[in-house]
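In: here are the coordinates; sequence isn't available:
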């Protein structure tokens, strides 16, 4: 699964891009931002696989966001301006898509993303790939099995295993063929387990609210609306909120409103 943040100040443009991207089974739009400032807030709590970025916006240029994007996150510029292409590729963008675009052109971009982000054991050791995907703060950890209401994770130091109760897990996010797990009181860690495998093992307190995100409902302390496209979710025991986009936001509202 490729997680994507969309940044564009034009409502119709961002809605169309989201609709077209979500038609691809491998893409999950986890957030939308109408300005560089809103995108910066989102990126403080999430590390998407790719940012689709408009260049010309009222407050600041899209290129101003590049310093806030993790080195492991790909950038695709989506703009009506032709003159920024050279600067975009110099900045490391993997594609430069001119508006208006169609499904066939976007399919080329998605294909490039799938090729770049695919986990290929023959290209690099698994751990180094996972660290690149998740950022410098996390390392890929093996799962050796589960015991009752807990999961056994390989120790970050590589010397045995630690037993983590399911109750200590706040959320789980897809990172291509891996998952990033937020354990209460720790930094997020990447493990070798798919979303489907987690769904089969976790108790009913955990709900998948989008293609790429599972949250533990009882751990949610509060939510804070940011815009029609973004909400912050606060969990007990964690200082940093989890930003979520429109689709998971709608699903979470339904769940929290249920008796």
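Out: In hand now; what should we look at? Please read these numbers as outputs of a predicted model, since none were measured by experiment.
In: C-alpha only now, for contacts and for neighbours.
Out: Noted.
In: so where's the stretch 101-250 of the chain uncertain?
Out: 119-148, 154-160 (pLDDT under 70).
In: which parts of it are strands?
Out: 140-141, 143-147, 150-154, 161-165, 169-175, 178-183, 189-191, 206-210, 213-216, 220-227, 230-235, 242-244 (DSSP state E, counting those that start in this stretch).
In: run the chain-centre distance for stretch 226-244.
Out: In terms of CA atoms, centre = their mean, to the nearest Å, the centre of stretch 226-244 is found 13 Å from the chain centre.
In: which one of the strands of the stretch 101-250 of the chain lies nearest to residue 98?
Out: strand 230-235 (25.7 Å; CA to CA).
In: residues contacting stretch 93-106, please?
Out: 20-21, 74-82, 85, 88-89, 109, 112 (CA atoms under 8 Å, 6 or more residues apart in numbering).
In: thinking again about what came up before, need the strands of the stretch 101-250 of the chain in JSON lines with distance to residue 98, can you?
Out: As requested, the strands of the stretch 101-250 of the chain are exported to JSON lines (distance: least, CA to CA, whole Å):
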{"stretch": "strand 140-141", "distance to residue 98": "37"}
{"stretch": "strand 143-147", "distance to residue 98": "43"}
{"stretch": "strand 150-154", "distance to residue 98": "45"}
{"stretch": "strand 161-165", "distance to residue 98": "47"}
{"stretch": "strand 169-175", "distance to residue 98": "28"}
{"stretch": "strand 178-183", "distance to residue 98": "32"}
{"stretch": "strand 189-191", "distance to residue 98": "35"}
{"stretch": "strand 206-210", "distance to residue 98": "29"}
{"stretch": "strand 213-216", "distance to residue 98": "30"}
{"stretch": "strand 220-227", "distance to residue 98": "27"}
{"stretch": "strand 230-235", "distance to residue 98": "26"}
{"stretch": "strand 242-244", "distance to residue 98": "27"}
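In: output those in JSON lines; the columns should cover mean neighbour count and distance to residue 255.
Out: Below are the strands of the stretch 101-250 of the chain laid out as JSON lines (neighbours: other CA atoms under 10 Å; distance: least, CA to CA, whole Å):
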{"stretch": "strand 140-141", "mean neighbour count": "22", "distance to residue 255": "31"}
{"stretch": "strand 143-147", "mean neighbour count": "13", "distance to residue 255": "27"}
{"stretch": "strand 150-154", "mean neighbour count": "19", "distance to residue 255": "24"}
{"stretch": "strand 161-165", "mean neighbour count": "16", "distance to residue 255": "23"}
{"stretch": "strand 169-175", "mean neighbour count": "24", "distance to residue 255": "15"}
{"stretch": "strand 178-183", "mean neighbour count": "22", "distance to residue 255": "20"}
{"stretch": "strand 189-191", "mean neighbour count": "24", "distance to residue 255": "26"}
{"stretch": "strand 206-210", "mean neighbour count": "20", "distance to residue 255": "9"}
{"stretch": "strand 213-216", "mean neighbour count": "22", "distance to residue 255": "11"}
{"stretch": "strand 220-227", "mean neighbour count": "14", "distance to residue 255": "11"}
{"stretch": "strand 230-235", "mean neighbour count": "21", "distance to residue 255": "13"}
{"stretch": "strand 242-244", "mean neighbour count": "23", "distance to residue 255": "15"}
